[in-house]
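**Student:** Curious how this folds, go ahead:
(one chain, ligands or ions: 1)
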Amino acid sequence: MSDYMFMLESHMRPQQFAVVQQVQAAAEAAGLNVFLSGGAMRDMLGGFPLQDVDFTVEGNPAKIVKALTAKDGVTVLSENPLRKSWELKFPSGVVSEIGMAQEAHYAKPASKPVVKPATIHEDLRGRDFTINAIALSLNRTSRGLLIDPTNGQGDLEAREIRTTGNYTLYDDPVRILRMLRFKARLGFEISARTQSQYENVREAKLEEKITPEQLYRELRAMADEPNPGLLIETLEREGLLTLFSPTINGAKLNLAGHEKLLRLRQMVPFGAEFHSENLGLFLFVLTENLTPKEKSGLVKFLGIPKADLNAMTKLDAASKKLESTLKSAKLNKASLVYQTLLTAPGEQVLYLAYKSGQRLVQDRIKKHLTQYLPGVLEITEQEVSNWCGLSPDDAKFAQKHKDYILGRLDGRIRKPAPEPIPEPEPPPSGRMLRQPSAARATR
Ligand code: CTP
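**Tutor:** Residues are numbered from 1 along each chain as shown. Model (predicted):
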């Protein structure tokens, strides 16, 4: 196995790696070359948490998509016929994009491109930033070969964002928003030439050509960023937030709200069982200080789809039941609070922590995030095994594991005393130690 394939397997979640294997097999059966590309490669090589698993195919990926949807339970989330790309959802929940390797020709700045099929090298050279223009071959004869025509790896090491060419931002001005998003996310510097290209694009006011559809896609992406407030602040400073709405400025930016949500999200311990859909919550905080008229203006201008809008507008009503459960006197044990919150949708938990006026609700959520979840994460299978006398392979182990967690949370089961640290081995006898020097002395 090449070093990069090994790195891939160790960096990905097993469900993500399974997707790589499935796509690789489907491409091979269709006789097409497939490459892991874009964000997946950037995140893996840069050591960042891997979000999407994106693939590029030399040729039309339709056959691969057809095979995956026909027998592997994969669903199509969206399709871009111009770009010949598909966003797919695998049964494990992994979302992945499969697109055709392509060359886009822009007749003039910010115009609709003419797209034609291309090789992977040509495709990568036409991407936005060098750190996004790296691919890994998944094909039988070259599996594990890294393709990096613009030295993205060097820029990842130097922590720099650099466009792949001199017209990158002119061709597709939404890339200026992407650039600032990556800068806020990764904390990288923008290279001097890219900065001057950016300034020229701004001078020419090309940002005004970014379509509402592109703006909304960026807004959606912002919701999943680790620190959306920082990005909003950056966009405001750069005078770009007005592209989204002329009225989001000053106190309406709600930076304090974004900061509060960030602190709540950061309370969730790494590796804990907690899943939250970010979009509704982000849109709620974003528009919290807008008037109803300003809100509807934003929704109309960006063309926010109904389902996404519902995620925001229904959050309050959807969280009411959880709120009344959480303030109930019946929830008088840590294990009951834990079980209630473990099965609740993460966005409702965070919404209540953000917004609920009930002190008890706030306290119980904070205890769950900062005490119960971290405590449960520390419990090892060995500990449970010592307690119940069953091995983790035993069919009854899962139930015992749960009983143990609940017992520990309520203090019915005590935390085991730490294993005694083994006594250090006695040092070899003095004579043994002295022997070599004695031998040296006689030489
Ligand atoms: N791309 C581009 N120009 C754009 C949008 C995308 O060149 N206007 C390229 C990027 O190089 C990117 C690839 O298309 O790697 C896939 O786009 P997308 O999935 O949006 O980007 P990711 O890098 O995966 O970003 P994220 O981590 O936010 O998902």
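
**Student:** residues touching Leu32, list them.
**Tutor:** 57-59, 61, 63-64 (Cβ atoms under 8 Å, 6 or more residues apart in numbering). Any C-beta I mention is one placed from the backbone N, CA and C, and that applies to glycine too.

**Student:** Might you specify the subset of those residues located within strands?
**Tutor:** Using DSSP state E, the members of these that fall in strands are 57-58.

**Student:** Which pair of the contacts of Leu32 spans the longest distance?
**Tutor:** Taking Cβ to Cβ as the measure, those span a maximum distance of 12.6 Å, between Glu58 and Lys63.

**Student:** Could you check how far stretch 331-351 is from the centre of its chain?
**Tutor:** 23 Å (Cα atoms, centre = their mean, to the nearest Å).

**Student:** repeat for stretch 7-19
**Tutor:** Worked out by Cα atoms, centre = their mean, stretch 7-19 lies 14 Å from the chain centre.

**Student:** Show residues contacting it.
**Tutor:** 1, 20, 36, 44, 50, 53, 90, 92-94, 96, 136.

**Student:** between those residues, which has the most around it?
**Tutor:** Counting neighbours by other Cβ atoms under 10 Å, Val53 comes out on top of the contacts of stretch 7-19 with 27 neighbours.

**Student:** Find the residue closest to that one in space, skipping its chain neighbours.
**Tutor:** Leaving out its chain neighbours, the residue that sits closest to Val53 by Cβ to Cβ, 6 or more residues apart in numbering is Ser96, at 4.5 Å.

**Student:** What values do phi and psi take at that neighbour?
**Tutor:** Ser96 adopts backbone torsions of phi -140, psi 150, taken as degrees, to the nearest 10.

**Student:** Burial check on the closest residue to Leu281 other than its chain neighbours, number of neighbours?
**Tutor:** Distances taken as Cβ to Cβ, 6+ apart place Glu347 nearest to Leu281, at 5.0 Å, with adjacent residues excluded. Neighbour count of Glu347, defined by other Cβ under 10 Å: 21.

**Student:** shouldn't Glu347 be in contact with Gly280?
**Tutor:** Yes. Counting by Cβ atoms under 8 Å, Glu347 touches Gly280, with 5.9 Å between them.

**Student:** Mind listing the shared neighbours of these two?
**Tutor:** Common neighbours of Glu347 and Gly280 (Cβ under 8 Å, 6+ apart) are 311, 315.

**Student:** If you count neighbours, what's buried in stretch 136-149?
**Tutor:** 136-139, 144, 147-149 (16 or more other Cβ atoms under 10 Å).

**Student:** Serialize these to a markdown table and add fields for distance to Glu378 and pLDDT.
**Tutor:** Converted to a markdown table, the buried residues of stretch 136-149 look like this (distance: Cβ to Cβ, whole Å; pLDDT from 0 to 100):
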| residue | distance to Glu378 | pLDDT |
| --- | --- | --- |
| Leu136 | 36 | 97 |
| Ser137 | 41 | 97 |
| Leu138 | 38 | 97 |
| Asn139 | 43 | 96 |
| Gly144 | 37 | 95 |
| Ile147 | 43 | 98 |
| Asp148 | 41 | 98 |
| Pro149 | 46 | 98 |
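
**Student:** closest to Asp72 among those?
**Tutor:** Nearest to Asp72 among the buried residues of stretch 136-149, with distances taken as Cβ to Cβ, is Leu138, at 16.5 Å.

**Student:** near the ligand, which residues of the stretch 1-150 of the chain show up?
**Tutor:** Taking Cβ under 6 Å from any ligand atom as the contact definition, the stretch 1-150 of the chain meets the ligand at 38-39, 51-52, 54, 97, 127-128, 132.

**Student:** Just the ones of the residues you listed in strands?
**Tutor:** Reading strands off these with DSSP E, I get 54, 97.

**Student:** quick one: which of the residues of the stretch 1-150 of the chain next to the ligand is nearest to Glu157?
**Tutor:** Asn132 (15.3 Å).

**Student:** And the most centrally placed residue in the chain, how close does it get to Leu45?
**Tutor:** The centroid of the chain falls nearest to Gln51 when counting by Cα atoms, centre = their mean (3.8 Å). Distance, Gln51 to Leu45, using Cβ to Cβ, to the nearest Å: 14 Å.

**Student:** burial measure for the residue of the stretch 251-400 of the chain found nearest the ligand, as a count.
**Tutor:** Closest approach between the stretch 251-400 of the chain and the ligand, counting by Cβ to the nearest ligand atom: Asn278, at 12.8 Å. Neighbourhood size, Asn278 [other Cβ under 10 Å]: 19.

**Student:** which non-adjacent residue is nearest it?
**Tutor:** Ala223 (4.4 Å).

**Student:** wait, that neighbour sits on Leu283?
**Tutor:** Yes. Using Cβ under 8 Å, Ala223 is in contact with Leu283, at 7.2 Å.

**Student:** Got the phi and psi for the nearest residue to Arg127 once chain neighbours are set aside?
**Tutor:** Using Cβ to Cβ, 6+ apart and skipping the chain neighbours, the partner closest in space to Arg127 is Ala133 (4.3 Å). Torsion angles at Ala133 (phi, psi; degrees, to the nearest 10) stand at phi -110, psi 40.

**Student:** Number the chain from 858, please
**Tutor:** Yep, numbering from 858; the last one is Ala990 now.

**Student:** Tell me how many other residues crowd Ala990.
**Tutor:** 27.

**Student:** From Lys1066, how far out is it?
**Tutor:** 23 Å.

**Student:** if we can go back for a sec, so what's the residue of the stretch 1108-1257 of the chain closest to the ligand up against?
**Tutor:** Asn1135 neighbours (Cβ under 8 Å, 6+ apart): 1080-1081, 1204.

**Student:** what's the lowest-pLDDT member of those?
**Tutor:** Checking pLDDT across those, the minimum falls on Asp1081 at 93.

**Student:** Now that one. Nearest residue, chain neighbours left out?
**Tutor:** Asn1135 (5.3 Å).

**Student:** Tyr1261 now?
**Tutor:** Counting by Cβ to Cβ, 6+ apart, the residue nearest Tyr1261 is Val1241, at 4.8 Å.
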